[in-house]
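J.: How does the following fold in three dimensions:
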Amino acid sequence: IQQIKSTVTYLRGATFEAVTGLAAIDDVNLDDDGNGAGGEPAYITETQKTALENERALRKINGKQLLNHFGIETLDKLPANKFKEALQLIKARPIPEKETPQEREPGEDDAGWMEQGELKT
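T.: Sure thing, here's the model as predicted:
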């Protein structure tokens, strides 16, 4: 029955295109039976993977959260059509500020550590 419905749907679209002289360019007539057009899906390139990893590390984002968001086990299994979304998602997070060391006099903290028993010889 599914094959009959699929054929009828295809023929309706083909008939409409033939009668009107228009060609469909939207998703209406694309193959959507779940089997795809064959072949492996396109994944991100090594360059794209490196860009995502660098941005993720810069923003100190947990890699597992990103993978879970896209439902993948490794970043190289990210579909190519999800690259921009992943990059935007990562870049939406601010870059953490670097910690600046507090200014102190030489040896200032050393005595405090000894008094507190933290520095043992």
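J.: ok, Arg93 - how many residues close by?
T.: As a burial measure, the neighbour count of Arg93 was computed by other C-beta atoms under 10 Å and equals 13. In this view, the C-beta of every residue, glycine as well, is placed from N, C-alpha and C.
J.: what sits against it?
T.: Neighbouring residues of Arg93 by C-beta atoms under 8 Å, 6 or more residues apart in numbering: 59, 61.
J.: name the element it belongs to?
T.: For Arg93, there is no host helix or strand (DSSP states H and E).
J.: Show the pLDDT at it.
T.: At Arg93, the pLDDT value in this model is 90.
J.: Repeat that for the one 4 residues further on.
T.: Per-residue confidence at Glu97 stands at 85 (pLDDT).
J.: What's the separation between it and Thr7?
T.: As judged by C-beta to C-beta, to the nearest Å, Glu97 and Thr7 stand 61 Å apart.
J.: Neighbour count: the two, which is higher?
T.: Relative neighbour count places Thr7 above the other of Glu97 and Thr7, with 10 against 6, counting by other C-beta under 10 Å.
J.: Which stretches in the protein count as helices?
T.: Taking DSSP state H as the criterion, the chain contains helices spanning 2-20, 46-58, 63-70, 83-91, 108-116.
J.: Could you dump those helices into JSON lines with distance to Lys77 added?
T.: Output for the helices of the chain, formatted as JSON lines (distance: least, C-beta to C-beta, whole Å):
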{"stretch": "helix 2-20", "distance to Lys77": "30"}
{"stretch": "helix 46-58", "distance to Lys77": "10"}
{"stretch": "helix 63-70", "distance to Lys77": "9"}
{"stretch": "helix 83-91", "distance to Lys77": "12"}
{"stretch": "helix 108-116", "distance to Lys77": "48"}
